[in-house]
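Participant: Need a 3D model of the following:
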Amino acid sequence: MRAEERDFCPERPGLDTPPCIVDAGHASLEVSAVDWTLDRQPRSRTDTILSGDTLLRLGLTSRLEAQIGWTAYGHVRTRTPLGVSTQSGTGDVLLGTKFSLLHPDGQGTSVALKPFVTLPTGGSAIGAGTWSVGIQVPISVTVAKGVQLTATPEADAAANQSGDGRHFAWGSAAGAQFALTGSTSLALEGQVTRDDDPSGHTTSALGEASLAWQAGKNSQLDIGVVAGLNHNSPDVELIAGIARRF
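Facilitator: From the prediction side, this is the model:
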């Protein structure tokens, strides 16, 4: 007898990564339609627009999935007192896996491990210039009907801003998700990240509110807004996208 199909559980749009695993033999395609970030500094303003920020998740076993990520297009516009510069190009490729340690359906108390590597396939506009590796530990706990607490600790050997070499970066996202109706959910999340880049050590802090609507058991539409909570973080990011299970 075929096992009952799990509830659809996309990774987008929140700061947290859910620990749920795609059913074996199924795939989930998650794509951003709009992703705009504004970063204002004392003598500059940078607008970054991403389109087709894509994650493909492939269910391999009941506890293991493979992931491939890529950004189809990115446009960066920077304005300073000296003028305006623009860059465009594609992003790097992400290869990863997610392995469930507890409750792969994401129900109850669920924990997973997500190691990943990024390959420097992108251009100078949104590409890092060199490879990097990292690991996340997605966690969720159901505390009441329709309410989950979430956290995603992460540690990376992140690419240096110069595009040559790597450095240590670490932090965590955490928040809560609320089922507003049978098909609509609200997530309120925060994230703090420490980045020890040789060009300067920084700590960034973000807050996000997002809404997701499941149009059916295999599709989701989402919107969200991310706010920078300190001067090392971008001012605001607006996102919208779609996810579909096959």
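Participant: what's the closest non-adjacent residue to residue 21?
Facilitator: residue 104 (4.1 Å; Cβ to Cβ, 6 or more residues apart in numbering). Every C-beta, even on glycine, is put in place using the N, C-alpha and C of the backbone.
Participant: One more: residue 63?
Facilitator: According to Cβ to Cβ, 6+ apart, the nearest residue to residue 63 is residue 100 (4.3 Å).
Participant: Can you tell me the SS state at the residue nearest to residue 21?
Facilitator: Secondary structure assignment for residue 104 (DSSP: H, G, I helix; E, B strand; the rest coil): coil.
Participant: Quick one: residues contacting it.
Facilitator: Taking Cβ atoms under 8 Å, 6 or more residues apart in numbering as the contact definition, residue 104 lies against 6, 19, 20, 21, 62, 63, 110, 112.
Participant: Tell me the spacing between it and residue 175.
Facilitator: Distance, residue 104 to residue 175, by Cβ to Cβ, to the nearest Å: 21 Å.
Participant: And residue 201, by the same measure?
Facilitator: From residue 201 across to residue 175, the span is 25 Å (Cβ to Cβ).
Participant: which of the two has more neighbours?
Facilitator: The neighbour comparison of residue 201 against residue 175 (other Cβ atoms under 10 Å) goes to residue 175, with 21 against 13.
Participant: Specify the beta-bridge partners of the more buried one.
Facilitator: The partner list for residue 175 in beta bridges (DSSP bridges) reads residue 150, residue 189.
Participant: Let me see the ranges of the helices in this protein.
Facilitator: With DSSP state H applied, the chain shows no helices anywhere along its length.
Participant: which residues in it form strands?
Facilitator: 27-41, 44-59, 64-80, 83-89, 93-102, 109-119, 132-136, 139-144, 147-159, 166-179, 184-197, 200-216, 219-228, 236-245 (DSSP state E).
Participant: Distance to residue 15 and mean pLDDT added to those, as CSV?
Facilitator: Shown next, in CSV, are those (distance: least, Cβ to Cβ, whole Å; pLDDT from 0 to 100):
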stretch, distance to residue 15, mean pLDDT
strand 27-41, 14, 96
strand 44-59, 15, 97
strand 64-80, 16, 97
strand 83-89, 25, 95
strand 93-102, 17, 98
strand 109-119, 14, 98
strand 132-136, 11, 98
strand 139-144, 13, 97
strand 147-159, 8, 98
strand 166-179, 4, 98
strand 184-197, 4, 98
strand 200-216, 5, 96
strand 219-228, 7, 98
strand 236-245, 10, 98
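Participant: Among these, single out whichever gets nearest to residue 126.
Facilitator: Closest approach to residue 126 among the strands of the chain is made by strand 64-80 (3.5 Å; Cβ to Cβ).
Participant: hang on, the earlier thing: okay, who's weakest in the contacts of residue 104 by pLDDT?
Facilitator: Within the contacts of residue 104, the minimum per-residue pLDDT falls on residue 6 (92).
Participant: No further queries at this time; thank you.
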